[in-house]
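Enquirer: what's the 3D shape of this:
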Amino acid sequence: MLKGLFILFFMCVFMPMSNAHYQHGLSFENVDLTLKEAQDHLVVLPEKSLTILDKNSHKITVANDEQQAQWHFIAMLAAVSVADLDRLHAALISFEPLSNTEYYQAHLDQILSALGIWFRRSGYLNDAKASYLCSLEKSSTEHSKLRALLNLGVVERNLNHFAQAKEINLIALDIATNIESETYIAVLQNNLGILAISEKRYMDASAHFTKALELNEKLNRRSGELISSMNLLLAFLYQDNSLYFERMVDRAQRKLLLSPDDTARESYLNILKAINSARTIPSSLEQSRQVILANIERVNDKGIQLLLTPLINQLGVQYNIQQQQSLDTIYQGPLLEQFSMCNWQLNSDNANMQAIIGTFAESLFQD
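Expert: This next block holds a predicted model:
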């Protein structure tokens, strides 16, 4: 009897202490190690960053607020890189109770740019523009201004404001060149290539994508290498240049093998290959149509889907993009209230954007 009471006393007193010690250990050691490991893979293998966070998801329950903010920030950046809109949305929503942390405030401009990316890829173009302008206003460094500008250039292109998109991209390219940021120069070359396709300047597009690819390879940015190589394939298809396409496609396929969990990019490449196959092997037309229909939704980027549309229409594939093409689609969800520091109505106004960019360009010239 006494022995049983002693065992019960031991369990009640000492086991909770051990539990507390275990959780304390997770909070101050293991969580930081997980965050560092996930951070280390962001540039080269962002999908591995997400895998690391997923495998250690139990640790977030003992992480402090600053660590939780960093956790969701890493997940947000990785989700942007692999075009996982659901994961990106989840990360953005997760910031809501963490808005007072030092980590959140220090990275707010980057979070707002990621919010704009989610809006843009989801088809809410005016809300995306408002997010990027808000990010630009919150930016305090040249790098953060660059990030906001290059994203703003993309959404202006999607809104068919080609002259404004070109102006914004050239301002950003000037900044990137001045601070010798090859990473941003590569991104901007890619964006200028997409703009050239939108304006049917296909040879110029190829030149921009080639420069982007060369820089990404030099910097060992695998996600950048992959998207630049596939965009170059897109330019070859618009030029109806099957020879160059077939020389390049294996190279892109090898780059994709290094990112096996990137389903959006895999779907993009599958569609590009199907279009080329239908053109060069007429008997494969029906099979190519099926491949396109099976992959178009998984591309997960409205802008890329719109660029693919003229090519797949030539093959008789009808894809309903009416909602994606609506330039006035407005978001009505909880993110607007969560990020209420942005003036959504004013920043979505085109005249206001032109005034902000004009003032920004003048200050840049004076500097």
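Enquirer: CA only for contacts and neighbour counts going forward, please
Expert: Noted.
Enquirer: now do the end-to-end distance for stretch 156-165.
Expert: From its first residue to its last, stretch 156-165 covers 5 Å (Cα to Cα, to the nearest Å).
Enquirer: and that stretch, average pLDDT?
Expert: Rounded to a whole number, the mean pLDDT of stretch 156-165 is 88.
Enquirer: I'd like the distance between residue 41 and residue 330.
Expert: The span separating residue 41 from residue 330 equals 35 Å under the rule Cα to Cα.
Enquirer: tell me which element the residue minimising distance to the centre of the chain is part of?
Expert: In the chain, the centroid-proximal residue (Cα atoms, centre = their mean) is residue 80; its distance is 2.7 Å. Here residue 80 is covered by helix 65-81, with elements defined by DSSP states H and E.
Enquirer: isn't residue 43 up against residue 221?
Expert: Yes: in terms of Cα atoms under 8 Å, residue 43 counts as a neighbour of residue 221; the distance is 6.3 Å.
Enquirer: how close does residue 176 get to residue 157?
Expert: Remark: distance between residue 176 and residue 157 (Cα to Cα) = 20 Å.
Enquirer: show me what contacts the residue nearest to the centre of the chain?
Expert: 88, 114, 117 (Cα atoms under 8 Å, 6 or more residues apart in numbering).
Enquirer: just the helices in the stretch 201-350 of the chain please.
Expert: Counting by DSSP state H, counting those that start in this stretch, one finds helices in the stretch 201-350 of the chain at the ranges 202-219, 222-238, 242-257, 263-280, 285-295, 302-313, 322-325, 335-338, 344-347, 350-366.
Enquirer: wait, which of those is closest to residue 103?
Expert: Minimum separation from residue 103 across the helices of the stretch 201-350 of the chain (Cα to Cα) falls at helix 335-338, 16.8 Å.
Enquirer: which strands and helices sit next to the closest one?
Expert: Counting contacts by 3 or more Cα pairs under 8 Å, 6 or more residues apart in numbering; DSSP states H and E, helix 335-338 is packed against no other helix or strand.
Enquirer: show me what it is in contact with.
Expert: By Cα under 8 Å, 6+ apart, the list of residues contacting helix 335-338 from outside reads 93, 96, 344.
Enquirer: once you drop chain neighbours, what's closest to the last one?
Expert: The reference is to residue 344. Closest residue to residue 344 apart from its sequence neighbours, by Cα to Cα, 6 or more residues apart in numbering: residue 130 at 5.7 Å.
Enquirer: got the CA coordinates for the helix or strand harbouring that neighbour in PDB?
Expert: Following DSSP H and E, one finds residue 130 within helix 125-138. Coordinates of each C-alpha in helix 125-138 appear next as PDB, following Å, rounded to 0.1, in the frame of the first residue of the first chain:
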ATOM      1  CA  LEU A 125      -5.200  42.500 -59.600                       C
ATOM      2  CA  ASN A 126      -6.300  45.800 -58.100                       C
ATOM      3  CA  ASP A 127      -5.900  44.500 -54.600                       C
ATOM      4  CA  ALA A 128      -2.400  43.200 -55.600                       C
ATOM      5  CA  LYS A 129      -1.500  46.700 -56.800                       C
ATOM      6  CA  ALA A 130      -2.700  48.200 -53.500                       C
ATOM      7  CA  SER A 131      -0.600  45.700 -51.600                       C
ATOM      8  CA  TYR A 132       2.600  46.500 -53.600                       C
ATOM      9  CA  LEU A 133       2.100  50.200 -53.200                       C
ATOM     10  CA  CYS A 134       1.600  49.700 -49.500                       C
ATOM     11  CA  SER A 135       4.800  47.700 -49.400                       C
ATOM     12  CA  LEU A 136       6.600  50.400 -51.200                       C
ATOM     13  CA  GLU A 137       5.500  53.000 -48.700                       C
ATOM     14  CA  LYS A 138       6.600  50.800 -45.800                       C
END
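Enquirer: so which bits of that helix are buried?
Expert: If you call a residue buried by 16 or more other Cα atoms under 10 Å, then helix 125-138 has these buried ones: 125-136, 138.
Enquirer: and of the residues you listed, the nearest to residue 294?
Expert: Closest approach between the buried residues of helix 125-138 and residue 294, by Cα to Cα: residue 125, at 25.6 Å.
Enquirer: hmm, that closest one is touching residue 158, no?
Expert: Yes: using Cα under 8 Å, residue 125 is in contact with residue 158, at 7.5 Å.
Enquirer: where does pLDDT dip in this structure?
Expert: For the chain, the stretches with pLDDT under 70 are 1-29, 321-328, 346-356, 358-367.
Enquirer: many thanks, I have nothing further to ask.
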